[in-house]
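Engineer: any chance you can model this:
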Amino acid sequence: MAAGGFSKLPNGTVVVALNLPYGSAGVRILVHAANRARALTRLRNLGLRAVYLRGNAEPPTPDEITAVLHHPDGLVWRTAPTAPTAAGGVMATELWHPIRALLRGPTAVG
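Structural biologist: Residues are numbered from 1 along each chain as shown. Here you go, the predicted structure:
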């Protein structure tokens, strides 16, 4: 189960945002798809089997929607932001990464 939410776009597609536990901080994943079910299926097909979206507590922000719409795969992630801003939202300084970077795991240095 994951916290997150979705936004329906004017063309009928959706952007789903999920916060998943990963490492010490967790990650925020954005998926652009035809509908919510298809978005979750895309993640499950990548090996994230236990991903469910319950409710709409943390929908994607307009900046997040722009980020995923401009990525060719329509599937991006970054470390989950934890620093609250004065406006009540959260600020993230990390750039968005393609999902391949998350799924291949940490690389060996040496």
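
Engineer: do you have the strands of the chain handy? List them.
Structural biologist: Shown for the chain, the strands assigned by DSSP state E span residues 3-8, 14-20, 27-33, 75-79, 83-84, 90-91, 97-98.

Engineer: tell me which of these sits nearest to residue 46.
Structural biologist: Nearest to residue 46 among these is strand 75-79 (8.1 Å), distances taken as CB to CB. Where you see a C-beta, it was placed from the backbone N, CA and C, and this is true even at glycine.

Engineer: distance of the residue nearest the centre of the chain relative to residue 10?
Structural biologist: By CA atoms, centre = their mean, the chain has its centre lying nearest to residue 29, at 1.6 Å. In this structure, residue 29 and residue 10 are 23 Å apart, going by CB to CB, to the nearest Å.

Engineer: my guess is residue 8 contacts residue 14. True?
Structural biologist: Yes - counting by CB atoms under 8 Å, residue 8 does reach residue 14; the two are 5.2 Å apart.

Engineer: who's more crowded, those two?
Structural biologist: The residue with more neighbours, out of residue 8 and residue 14, is residue 14; 19 against 12, by other CB atoms under 10 Å.

Engineer: return the residues in contact with the more buried one.
Structural biologist: Taking CB atoms under 8 Å, 6 or more residues apart in numbering, we find residue 14 in contact with 6, 7, 8, 32, 33, 34, 35, 36, 39.

Engineer: pLDDT below threshold where in the protein?
Structural biologist: For the chain, the stretches with pLDDT under 70 are 1-2, 82-93, 104-110.

Engineer: longest helix anywhere in it?
Structural biologist: In the chain, taking DSSP state H as the definition, the longest helix is helix 36-45.

Engineer: angle of that one against strand 27-33?
Structural biologist: Here helix 36-45 runs at an angle of 120 degrees relative to strand 27-33 (axes from the mean of the first three to the mean of the last three CA atoms, to 10 degrees).

Engineer: circling back: dump the strands of the chain to JSON lines, plus distance to residue 59.
Structural biologist: Output for the strands of the chain, formatted as JSON lines (distance: least, CB to CB, whole Å):
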{"stretch": "strand 3-8", "distance to residue 59": "3"}
{"stretch": "strand 14-20", "distance to residue 59": "6"}
{"stretch": "strand 27-33", "distance to residue 59": "11"}
{"stretch": "strand 75-79", "distance to residue 59": "16"}
{"stretch": "strand 83-84", "distance to residue 59": "17"}
{"stretch": "strand 90-91", "distance to residue 59": "13"}
{"stretch": "strand 97-98", "distance to residue 59": "21"}
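
Engineer: appreciated, that's everything.
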